[in-house]
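In: can't give you the sequence, but here's the structure:
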């Protein structure tokens, strides 16, 4: 079974600085998808960024980027120029390809605190 | 552009009562997922449907839980009878391809 591990229960960063959230996963599959979701206090799950395992190029979405190391099974999220609105729980998730018809396996989450 | 809609947003019920959670997926999406979030266990997949057909219900914790998807625009998750340990946030998500879009969740409290 696939597992996703987020080893940092909580992280704190000063506003405008950069923070990196860690995620490792275990799988025997060669093709899969990885995601980072954000859950603010409103509890809404919001997609931040996604990465296809067959793509070597790291995904980037504005201030959010990933460092995908397939051999090491590592998928970290870097947030640049941190803003107060970035404060939330961040979940790393894994999914095998299947046209959408497969569930996500989530890590336990990292609580990100932004210090003003 | 409406996202995934869930109702109710909050539900408080007494142990032993039947609880029904509802979900309307994004129009055009062909897969629907039910997840449960608790402090102890995190986010867990309960069941998912593809083209209204249940594909995998191995995550459903007990026979007290059941889910249906009578058509492409509606799904229910029912707990009967409810127990205090069922207290959690229940999310519905839908997808067309690989990305899943989540509803706002239903916070269930069983006293």
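Out: Good, I have the coordinates. The structure presented is a predicted model; accordingly, all values stated were derived computationally and were not measured.
In: How are the strands of chain B distributed by residue range?
Out: B:5-7, B:10-13, B:19-24, B:31-38, B:42-50, B:53-56, B:65-71, B:74-79, B:88-95, B:101-102, B:106-110 (DSSP state E).
In: could these go into a markdown table alongside mean pLDDT, mean neighbour count and distance to residue A:93?
Out: Bear in mind the C-beta positions are built from the backbone N, C-alpha and C, glycine included. Putting these into a markdown table (pLDDT from 0 to 100; neighbours: other CB atoms under 10 Å in any protein chain shown; distance: least, CB to CB, whole Å) gives the following:
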| stretch | mean pLDDT | mean neighbour count | distance to residue A:93 |
| --- | --- | --- | --- |
| strand B:5-7 | 97 | 17 | 19 |
| strand B:10-13 | 97 | 14 | 25 |
| strand B:19-24 | 98 | 19 | 19 |
| strand B:31-38 | 96 | 24 | 11 |
| strand B:42-50 | 94 | 21 | 8 |
| strand B:53-56 | 91 | 14 | 16 |
| strand B:65-71 | 97 | 15 | 21 |
| strand B:74-79 | 98 | 19 | 20 |
| strand B:88-95 | 97 | 24 | 11 |
| strand B:101-102 | 96 | 20 | 11 |
| strand B:106-110 | 98 | 18 | 20 |
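In: Throw those strands into CSV and include distance to residue A:41, thanks.
Out: Output for the strands of chain B, formatted as CSV (distance: least, CB to CB, whole Å):
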stretch, distance to residue A:41
strand B:5-7, 18
strand B:10-13, 15
strand B:19-24, 21
strand B:31-38, 14
strand B:42-50, 16
strand B:53-56, 31
strand B:65-71, 28
strand B:74-79, 24
strand B:88-95, 12
strand B:101-102, 15
strand B:106-110, 13
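In: Let me know whether stretch B:37-49 sits next to chain A.
Out: Yes - using CB under 8 Å from any CB of the partner chain, stretch B:37-49 reaches chain A at B:42, B:43, B:45, B:48.
In: Run the chain-centre distance for that stretch.
Out: For stretch B:37-49, the separation from the chain centroid amounts to 9 Å (computed by CA atoms, centre = their mean, to the nearest Å).
In: now stretch B:72-82
Out: Centroid separation for stretch B:72-82 versus its chain: 7 Å, with CA atoms, centre = their mean.
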